[in-house]
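Enquirer: here's a sequence, model it:
(one chain, ligands or ions: 1)
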Amino acid sequence: MLNKNFYDETYTKFLSAWGDESQMRMCIEEMSELTKELCKLMRYQKNPKSKENDDKLEQIRKNIVEETADVLICASQVKKIFGEKAVEDVMDYKIQRGRKVVDDYIAKQNK
Ligand SMILES: [Mg+2]
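Expert: Now for the predicted structure:
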């Protein structure tokens, strides 16, 4: 993976060159592309096994990797627009809350 500063500088350049609204619209577009690929994966996973279906699943998995990268790049710019520290603080809170829930769940399963 490239240096974090390179990413950060590039996000700043994208926002400066193309503007916040354009990048927010791009984020919406990329999120919908990822949504579509995830829905397709679940649909094709239910099909009977065949070479054609396996090939299709392989292509969908490649698309999911690409669309996930697109979403993360766009979400990083949205994070910059609305405040990186504010977003990271909420992430810290939510990951800690989620961690407690999952740890309690695992502890109950192991009783
Ligand atoms: Mg895309």
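Enquirer: report pLDDT for E33.
Expert: Per-residue confidence (pLDDT) for E33: 98.
Enquirer: now it: how far from T10?
Expert: Distance of E33 to T10, computed by CB to CB, to the nearest Å: 20 Å. Yep, even glycine has a C-beta here, placed from its N, CA and C like the rest.
Enquirer: neighbour count: these two, which is higher?
Expert: The residue with more neighbours, out of E33 and T10, is E33; 17 against 14, by other CB atoms under 10 Å.
Enquirer: I'd say the more buried one and E67 touch.
Expert: Yes: here E33 reaches E67: they are 4.8 Å apart, a contact under CB atoms under 8 Å.
Enquirer: list the buried residues of stretch 55-75.
Expert: K56, L57, I60, N63, I64, E67, D70, V71, I73, C74 (16 or more other CB atoms under 10 Å).
Enquirer: and that stretch, what's its mean pLDDT?
Expert: Rounded mean pLDDT across stretch 55-75 is 98.
Enquirer: again with stretch 10-30
Expert: 98.
Enquirer: kindly format the C-alpha coordinates of it as PDB.
Expert: Taking Å, rounded to 0.1, in the frame of the first residue of the first chain, the C-alpha atoms of stretch 10-30 are listed here in PDB:
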ATOM      1  CA  THR A  10      -4.300  13.200  -3.200                       C
ATOM      2  CA  TYR A  11      -7.700  13.400  -1.400                       C
ATOM      3  CA  THR A  12      -7.000  17.000  -0.700                       C
ATOM      4  CA  LYS A  13      -6.200  17.600  -4.400                       C
ATOM      5  CA  PHE A  14      -9.300  15.800  -5.500                       C
ATOM      6  CA  LEU A  15     -11.500  17.900  -3.200                       C
ATOM      7  CA  SER A  16      -9.700  21.100  -4.200                       C
ATOM      8  CA  ALA A  17      -9.900  20.300  -8.000                       C
ATOM      9  CA  TRP A  18     -13.400  18.800  -8.200                       C
ATOM     10  CA  GLY A  19     -15.200  20.200  -5.200                       C
ATOM     11  CA  ASP A  20     -17.000  18.700  -2.200                       C
ATOM     12  CA  GLU A  21     -20.300  18.200  -4.000                       C
ATOM     13  CA  SER A  22     -18.800  16.300  -6.900                       C
ATOM     14  CA  GLN A  23     -16.900  14.000  -4.500                       C
ATOM     15  CA  MET A  24     -20.000  13.400  -2.300                       C
ATOM     16  CA  ARG A  25     -21.900  12.400  -5.500                       C
ATOM     17  CA  MET A  26     -19.100  10.100  -6.500                       C
ATOM     18  CA  CYS A  27     -19.300   8.500  -3.100                       C
ATOM     19  CA  ILE A  28     -23.000   7.800  -3.500                       C
ATOM     20  CA  GLU A  29     -22.300   6.400  -6.900                       C
ATOM     21  CA  GLU A  30     -19.500   4.100  -5.700                       C
END
